[in-house]
Each structure stands twice: as structure tokens, then as C-alpha cells.
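Structure for this input, please:
(2 chains)
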Amino acid sequence: MPKRDTPDMLQGTLDMLILQTLMMGPAHGHTIAHVIEHRSEEVLQVEHGSLYPALHRLEDRGWIASFWGTSENNRKARYYRLTPAGRKQLVAETDRWTQLARAVERVIRPVEE
Amino acid sequence: MGWMKYFRRAQWERERAEEIDSYIEIETAENEERGMAPEEARAAALRRFGNRQLVQEEIREMNTIRPVESKLRDLRYAARALRRSPGFFCTAVLTLALGIGANTAIFSIVDSLLLRPLPYPRADRLAQISLEFLGQGGGLNTAVNGRIWEMVRDGAPALDKAVYSASVTGINLAFPGQNRAEFARQQRVGSGYFRVLGVAPMVGREFSADEDRVGGPPVAVISHALWQRVFASDPAVTGKVIHLRGEPHEVVGVMPAEFRTNSVVDVWTPLRPSTTGEGQGTNYHVIARLPDSLSWASVQQQLAALWAARPRTRSANQPEEYRLIAFPLQASFTLEIRSPLLILWSAVGMVLLIACVNIASLLLARAGSRSRELATRLALGCGRAGVVRQLLTESVLVSMAGGLLGLALGALALGGLGRLAGDLFPVWQPVQVDGRVLAVTLGLSLLTSLVFGLAPALHFSRIDIQGNLIQGGSRGHAGRANHWPQRFLVVTEVALGVILLVSAGLLVRSFAHLRGLDPGFDPNRVLTASFSLQDARYKDSQAVGRLFRAGLERMKQIPGVESAAVTLSLPFEGALNVGFHRLDGPAAREQGRNEITNITYVTPGYFETMRIPLRRGRLLQDSDSASTGLVALVNDAFVAEYFREQEAVGSHLQVGRQQFEVVGVVGNVQSGAGWGRFGPYGQVPFLYVASGQVAGELLASAHTWFAPHWVVRGNGSVAALKAGMQQAAAAVDPLLPISGFKAMDEVRAGTLGMERFMMSLLAGLAGLSLLLSGIGLYGLISGSVVERTRELGIRMALGATFGRAVRSVVLPGLWLTLAGVSIGLLGAMAATRVLRSMLWGVTTTDPLTLGGVAAGLLLVAVLASLAPALRILRLDPANTLRHE
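Presented below is the predicted three-dimensional model:
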């Protein structure tokens, strides 16, 4: 039995956010964590540690690839970059997300007339 | 990377840890830059990261083959759970093993005979050219006469075909140099027989068309086994000579070891088909191989056209009685055994179903003890899917254990079945537990685990957690509502059991009927020894007469022998059929009216030896010889059939070219049903003629099909009698070996082989189902007693009598049985229809069988309920209440 199943919805969202972040170029875990936190205007407060399983999952699926490099302050760090498959996945995810968001919006918006 | 990570695990994990370290260092450094103290900066970084242990564990779990590991864990739990209840485990495994074992054994036979193709190349293109009867009841006649063979031979050029005789007869394989002979099984086949089957001789060749015509040279093809035994596997065997049927034959070929047909054969000789003699009757079989260019349908059309165009003796506007068809060879080979095998297959299927139902019911009965454990598990966060998976794992474990044990039982049972079946079933490929059977058995076990495991698992997963934890699971009256599934299962089980029991009961009754029929003679202390007279040296009645006289002279001198005789055919066995017509009285005026009767020749002492009563007239005498008037005896059945209006004794019959005077009437004996009767044996019309007066041509055809028997009646040990007969026969002609001894009981058993086989198997299976139903009922009742201990205790404390308490426990079981029996009886009436062709002297609605089964099952129900009910007797109300 999994010890800590992140609900599906959140997991998918996290995946999408990671892929989105890597669109701008390769980054290591620390950077990704901070970027996600800032870009979501600190709404999505996650423990940075929970990012790492997600990174490995994405790597496992072949959406991102990793390599060892040095960080901005010359420390050894593991970098991730988007693969072509990951790029495609991101497009698909984004579309799905937008559709879902629109649908939700339509439901919530009061009927005009 | 990818799957490699499973192997370089240590390194992989180190790298993950390093990555996390790297995050913490970077974060710490940034914190320090913001002005935190080093200690504080590190603590903040760790806080930011969250629970490192958990994250690492989650990553690690991603790196394990999760399904395998969790399956292993499920297996461990399941094994532990089963170890805790060995009684349940053993019962379930044994129950299943019996069911699976029966299925394994029967499936091995069904697979080898019905499902697998015959062991010839492109066996699906092989056909038996047969006559389909179009009249009442239909039916298939796979045998044809010489004229039909010639019609097919000349009229269907597209088919590759051959003719053969399906009968395998014993002949003498003599070694004149050593003055001894042994017995060999011979089949006569036409040229092209092996070619059509698609199996070439491994040494030499098969018969040429020139050798396969009347008057052709004596040649033989021998089996691999005979080649090894007689010629020590000599590769230069062709051209060598073996002495068959009293004549030298040249060996032209040896068949490969794996070549088999629907009978075991040592030597093949040319058939030499004709349209006279045996070719007049339907004594031939025709096989054909369909070319790839022809579909079965178009072959049927060709044959129909051929049949329609045949020259007909009767007027052409009469409706056709028969139709010529191509029948698949395997179906033809299995014509007689298909339905018995399918019946057995369904019976073992039912037993397996009963076993599954039983285990399902046992699993449900465990509800009392398990519900608390499972509720605890659910409460501790194990998902419902987890519980279902857990319970299914237990079922799979039970089914695998049962399957393996069943496989072993099945392999054992197969050996026993082989002995029980004797030579009932032809064997063209080994019947054994092989890869296919193994796969089917294990698949079946898995399937059963789903069948019996799923319902209880789903039932449990809907358990009421709170209620069970608070109540302690096994108390109160409320649990009774959950018994409905189990009750349903018990009813099903009983109903299936009734169907099997009724089927078995009918077969037992039928068998008893056949065994109980008056044989018409005294079968005790009679020993028979058969020998082949298909021998060039015994072509005429003089030579045969000399042999019989000299042989009987010696047989009578064996110590203990009272009388001895020779007969062409024995009671209980089939006899030669001949056409005849009556020469006087009103029947004689019906010109060309040919009747058919069973006939046998005997030496005069036969009736005295067998103790067949003489009704009137006289018996045959030694003085009835070739030089005196031809005489015959008829039996009561013959008189009833043909001499209702005139006196039989003194009238005349024409058989072939001979005219016989009927000099006496004897009693009926049970004979293999040939002409005029259905069933394994019966009282059929019989004509007895003196062995010394039979014409040479009748002798020749009789000896082609039948081996005569020495028959002695005597005291003393069977072994001594056998030795004496053997010596006597060898002294008269060392080249005429005795092919086998049989007491009359064994002769009858031989005729009833299929009946005995089916009866024994179905009775065994029915017994098994009865046992299983008993266990099922016992489980149900004892479960309800345990569960209701408290309730019963209170009732008895409040003044309910013991009898009342017992009744309240036992009655539901009886009602369930009654329901099951009623449903089962209805089912049995439908199911036993398929048995109708195997029943003699009993109808499918035999009240004794139906009533006996119903009463028997109710008795089992009472016994199964009584044992747990008596536990109430030991119930101490005070004690029960104090336990609260």
C-alpha cells in the first residue's frame, strides 16, 4: 500500500508545473522548487522535498532527462531538461488543463440573460 | 537508465541521496547569504525540504518492482492465515484435489482421443466414406460392401482412397523350424492404405495393387514391435519369410514404431477386396484423403452424385434409404466412445463445480472467525481492494495446492482408469499427463480459485467495520442474514449431486439388470480357450473335424474335466450372421424372402458341456457327419421369430448352398446382440449346426472373422485346467497356439466392459459428490451452531427444550436439502436423457433410483446436521451466559 498517495489531481498539476518550468531551460531541483513557488505566487505551498519523487517519476516516463552539473555557486547539482516527449506531454497537459478550467468556469459562472 | 536501475540499485540510491544533499547545501548557502547563522540556515533548509526520510522512501519504492513485492507480501499473509486454520486448509485442498484429479484423468483421455488430431499428417483431410441411414432414427454405417467400394474406387478420381477391413483378428505366427507358434493380431488392408493415412513404412514398401488382388502373392507388412521381436530389428528384413495362417508370407515392409490406428496390429496382409464372399456384406471400410483443391462440401456433392447414379436393383422411384457421405475419420474412429466420454467429462465437470461450491461455502462459513480480523484490517487503513486481493490470494494458494495434489491424484487415477477400461478405448496416441494436460489443469485450478474465491471475497469486503469490531464478530443473531449466499451454494451442491447420483444409480440398475439376466446355461466351472483357424491347413471340414476330434479326445483326459466341446462363438459374445430361408410351410412360398440369423457351429458335446436345455427333438450327435443328412438345432427365440405357425422340428432351412433339417429346439442363451436385438446381449434367434457338416466356404469366412473356442467344464484349479488344455492343444497341432483363456464370467465382463466402466466411474463420482454435499451441509450447520451458541444458550436458559433447540438448527438444513433434491431431480430428468442409449431394463424415470437418491441424500443431510446439533446437548446455558 503506498504510504503517501498524492491525490491524482495534485500530482498531475505538479507534473505540469515542473514541465512548464523546464520549458525555460535546464534547471536543478532547488531552482525548480523556488520557481514553482514564486510563479504560483506562493499559493501552491509544497514542501520542496515532495518535488523529488515527482522528478524521478517524470524521468522514468522519459519526459525529462537529467545530468550532473555545477550550480550557480559552484556546488554539484543534478540538472533536469525537457525531452521532446516531455514537450509533447506538456502541450497535451496544458490543453487538458485549459479545457478543464474552462469547463469548471462555465459551471461556476452564473447563467446570463 | 530505464530498467537498468533495478540492477544498479545501490549506486542509484546513492545518487538520489546526493541530489537531496545538494538541495540542502544550496538552500543552506542561500539562507546564509540572507544573513542566517550557519546552524539556523541548515535547520531552515531541512524544514523547507520536509521529511527527508519519507521522500527517500517514496523514491525507493518507485525503484522496486512493486507488484511483485506486494504480491509476495500477500502470499505471506495468506500462508499465515491458512496455517492458522489447518482444518479448513486441508478440507479445501483435498476437496479441490479430488475435483481436479478427476478432471485431469478424464481430460487426458478426452484430449488424446477427441481433441487432438489423429497422428497422421493433415489428419483433418482424412475421411471415412460411410453410409448415412436416412430412415427413422438416422445413424451412420461406416462399413460398406465390395460393390460400394468399387463404385467409390472408380467414381471419385479426385480422392486418394483405400479400402481395409476394420476387424483385427488373431492369427497364428508359426516358427516351423522350432515347431512352435505364437499368436499375432492381423489386419487386412488394401494397397494404398498407408499412403492415404500419410505414413510410409520405415523399411521397405506397402502392398502394390498387384499384390492386393485375389490370387496375389502372400506378402505382409509388420509392426515395429514384431520387427524387433522376431527379426531383431534387422534392416535387411524385406524378402524374408514369416509363417502366417499356415502359409509362408514374404515381408515387404515395416511400419514405424509410432504408427497407430484405432486398433493394435502386429501384422498387415493384403485385403484382396471382392464383391463376392465377404465383399457381399458390409465388411469393408473406406478411407479417403481430400485433396487441398476440394472442400468437404464438394466431396459430399460428388459422392451424392455417385450414389444417385448407381445401378439399382429396386425401382428407382423408391425413396433412398441411405446416402453416401465423407465422414471425418477421427469422428468415425470415435463414433462409439464420443458420447460416453462426453458424459464422463460433464460428470467430472460437475464434481469440480460441486467442489468449488463447497469451498466457497466453507470460505463463507469462516465468516465468524474472520470478520473481526478483516474489520480490524479495514479499520487500520487497508483498502477494500486490499482485502479482496488478500482473500483472493488465499484462494489462489488453496487452488494451487489443490491443483498440484489433484495433478498427482489425476496421474494415479489415470493408471487405474487404464486398467478399468481395458481395451475399451482405442489408443492412437499415448494417454498421459503431459504439458497440455498440465496447462489445462493449472488453468482450471486458477479459474476455480476465482469461482470459489471471488464471491466470499466481495462479501467480506462489504463487511460492517464498526458493527464487527464492537460486537466481536461472532455473536448475536444478526449474522444470520449473511447465510443466504451459503444456503444458495448448499442447494446448488445438493442439486448437482442429485443429478450425478441419479445418473450413477440408473447405470448401476442397468448393469445389475444385465448381470441378473438368466444366461440360459450354467456358466460356472466353464473355461474357454480361443485359437485361430484362419489357417491354410484347415480349409475343409474334414481337416477341421480331425483336429476337433483329436483335440477333444485329449481335453477330456485332463484330470477334473467332465466334458469338452468346440464352438465357433461363445454366449455373451457376438456371432456370425448368415442369410437363410425356410423351405416348407407358408414362409417357403414367399419367394426370395431371405431372413438373417445368428449361427454357430458346435461339436455335439457343446449343449451337455454348457448345460443348455433341450426343449424337444434331439441334440446333435457324433454320428451327424459329412456323409449323413445335414441337421441343425434352433433356439426358442428362433422358433418365436420364424416358427409361430408351424412346427420347427422336422422343417428345413436353406443356408447358402446347404439345406438343413431342424432336428431339435434348445433353450435361449444370452448372446451378443447381433441380428434382431439391441443392447450388450440378449436372447437372439440362433441356429446351431454340427462342425462336421459345415461347407468349406462358410468355414473359411467364419474363421476369417471368428476364432473358435475349446470349451471344457471341470473341477480343479483353473491353472491346472489351463495347463492341461495348453498341452492338449499343443499335442494335436503345435502350430495352433491358444490365444487366450477366459472363464464364462470374464466373457460376460468383456461384453459389459463399457457398461462396467461407465457405471464404476459415475458411481465413484456420485459418491464423491455425496461426500462433498455432506461436508457442505455439515459446514453450514456447524457454523450456525457456533454462531448461535449464545442465542441457543439464552433460549434454553429461558426454558426451551433441547429438542426444540436441535430442531431449530437441523430443520433449515433439511429444508435446504429438500429444495436441492427437488431441483436436482428436475435437472436429472433432463440430464439423464443422454444416458438413454446406455440403459437396459430401466427407464430414466425409474422410481426406485429417484426415490433412493432422494432418501439417501436426506439421510446424509440428517447425519451431517446431527453431529453439530448434538453439540447443543453439551451446551451449558449458565456457562454460555456467564461468558457475556
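
Only C-alpha atoms from now on, for both contacts and neighbour counts.
Fine.

quick check, the longest helix seen in chain A touching chain B?
Ranked by number of residues, the top helix in chain A under DSSP state H is helix A:84-108. No. Helix A:84-108 lies out of reach of chain B by Cα under 8 Å from any Cα of the partner chain, never closer than 15.1 Å.

what pLDDT, on average, does that helix get?
On average, the pLDDT along helix A:84-108 is 84.

Show me what that helix is in contact with.
Residues outside helix A:84-108 that contact it (Cα atoms under 8 Å, 6 or more residues apart in numbering or on different chains): A:16, A:19, A:20, A:23, A:62, A:63, A:64.

quick check, nearest of those to residue B:453?
Ranked by distance to residue B:453 (Cα to Cα), the contacts of helix A:84-108 are led by residue A:62 at 39.6 Å.

if I've got this straight, that closest one is in a strand?
No. Checked against DSSP: H, G, I helix; E, B strand; the rest coil, residue A:62 lies outside a strand; its state is coil.

That one reaches residue A:83, doesn't it?
Yes. Taking Cα atoms under 8 Å as the definition, residue A:62 is a contact partner of residue A:83 at 7.1 Å.

higher neighbour count, these two?
residue A:83 (18 against 15; other Cα atoms under 10 Å in any protein chain shown).

Of all the residues in chain B, which one is nearest chain A?
Closest residue of chain B to chain A, Cα to the nearest Cα: residue B:49 (4.5 Å).

show me the contacts for that residue.
Residue B:49 neighbours (Cα under 8 Å, 6+ apart): A:47, A:48, A:49, A:50, B:24.

Sort those residues by pLDDT and name the bottom one.
Ranking the contacts of residue B:49 by pLDDT, residue A:47 lands last with 74.

ok, that one - contacts?
Applying Cα under 8 Å, 6+ apart to residue A:47 gives the contacts B:48, B:49, B:50.

Need those residues in TSV (columns: secondary structure and pLDDT).
Formatted as TSV, the contacts of residue A:47 follow (DSSP: H, G, I helix; E, B strand; the rest coil; pLDDT from 0 to 100):
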residue	secondary structure	pLDDT
B:48	helix	84
B:49	helix	85
B:50	coil	83
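
Buried ones only from the contacts of helix A:84-108, please, as a ChimeraX command.
Selection of buried members from those for ChimeraX, criterion 16 or more other Cα atoms under 10 Å in any protein chain shown:
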select /A:16,19,20,23,63,64
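
Closest to chain B out of the contacts of helix A:84-108?
residue A:62 (8.8 Å).

Now do the same contact list for that closest one.
A:83, A:85, A:86.

and of those residues, the nearest to residue B:116?
The closest of these, once distances to residue B:116 are taken by Cα to Cα, is residue A:85, at 50.0 Å.

Count the residues that sit near the closest one.
Neighbour tally, residue A:85, other Cα under 10 Å: 12.

Can you tell me how far it is from residue B:232?
73 Å (Cα to Cα, to the nearest Å).

cool, and residue B:76?
The value you get for residue B:76 to residue B:232, if Cα to Cα is used, is 59 Å.

what packs against the lengthiest strand in chain B?
Taking DSSP state E as the criterion, chain B has its longest strand at strand B:160-175. Judged by 3 or more Cα pairs under 8 Å, 6 or more residues apart in numbering or on different chains; DSSP states H and E, the packing partners of strand B:160-175 are helix B:146-155, strand B:180-189, helix B:193-197, strand B:241-244, strand B:284-289, helix B:696-705.

Throw the ones you listed into CSV and include mean neighbour count and mean pLDDT, thanks.
Output for the helices and strands packed on strand B:160-175, formatted as CSV (neighbours: other Cα atoms under 10 Å in any protein chain shown; pLDDT from 0 to 100):
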stretch, mean neighbour count, mean pLDDT
helix B:146-155, 18, 93
strand B:180-189, 21, 91
helix B:193-197, 21, 96
strand B:241-244, 20, 92
strand B:284-289, 25, 96
helix B:696-705, 19, 86
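
List just the one of these that sits closest to residue B:361.
Nearest to residue B:361, of the helices and strands packed on strand B:160-175 and by Cα to Cα, is helix B:193-197 at 52.0 Å.

where does residue B:635 fall, phi/psi-wise?
Note on residue B:635: its backbone torsions stand at phi -100, psi 180 [degrees, to the nearest 10].

Then residue B:623?
Dihedral angles for residue B:623 - degrees, to the nearest 10 - are phi -80, psi -10.

Repeat that for residue A:73.
phi -100, psi 40.

Kindly report the same for residue B:523.
phi -80, psi -10.

Kindly report the same for the one 5 residues further on.
Comment: the main-chain dihedrals of residue B:528 come out as phi -120, psi 150, following degrees, to the nearest 10.

quick one: secondary structure of the closest residue to it other than its chain neighbours?
In space, not counting the residues next to it along the chain, residue B:528 is nearest to residue B:711; the distance is 4.5 Å by Cα to Cα, 6 or more residues apart in numbering or on different chains. Here residue B:711 takes the strand state, with states given by three-state DSSP.

cool, residue B:660 as well?
strand.

Secondary structure element holding the closest residue to residue B:38 other than its chain neighbours?
Spatial nearest neighbour of residue B:38, chain neighbours left out: residue B:32 (6.2 Å); criterion: Cα to Cα, 6+ apart. Of the helices and strands defined by DSSP states H and E, residue B:32 is found in helix B:9-33.

Next: residue B:574.
With DSSP H and E as the test, residue B:574 turns up in no helix or strand.

So what's the residue count around the residue nearest to residue B:528?
28.

likewise residue B:641?
11.

pLDDT score assigned to the residue nearest the centre of chain B?
The residue lying closest to the centre of chain B (Cα atoms, centre = their mean) is residue B:341, at 4.5 Å. Residue B:341 is assigned 93 on the pLDDT scale.

Leaving out the residues flanking it, which one is nearest to it?
Nearest residue to residue B:341, sequence neighbours excluded (Cα to Cα, 6+ apart): residue B:110, at 6.5 Å.

ok, that neighbour - how many residues close by?
Neighbours around residue B:110, by other Cα under 10 Å: 19.

give me the element it is part of.
With DSSP H and E as the criterion, residue B:110 is inside helix B:86-110.

Report the mean per-residue pLDDT for that helix.
pLDDT averaged over helix B:86-110 gives 89.

Tell me which other helices or strands that helix touches.
helix B:66-84, helix B:338-365, helix B:384-421, helix B:435-461.

make it 10 Å
helix B:66-84, helix B:338-365, helix B:384-421, helix B:435-461, helix B:753-787 (3 or more Cα pairs under 10 Å, 6 or more residues apart in numbering or on different chains; DSSP states H and E).

roughly how far is the fourth one from the heart of the chain?
This points to helix B:435-461. Distance of helix B:435-461 from the chain centroid (Cα atoms, centre = their mean, to the nearest Å) equals 25 Å.

for chain A, where's the lowest mean pLDDT among helices and strands?
helix A:8-22 (a mean of 73; mean pLDDT, DSSP states H and E).

Of the contacts of residue B:49, just the buried ones, ChimeraX syntax please.
Only the buried entries of the contacts of residue B:49 go into this ChimeraX selection, using 16+ other Cα under 10 Å:
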select /A:48,49,50 /B:24
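
Next, format the contacts of residue B:49 as a markdown table and append secondary structure.
Shown next, in a markdown table, are the contacts of residue B:49 (three-state DSSP):
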| residue | secondary structure |
| --- | --- |
| A:47 | coil |
| A:48 | helix |
| A:49 | helix |
| A:50 | helix |
| B:24 | helix |
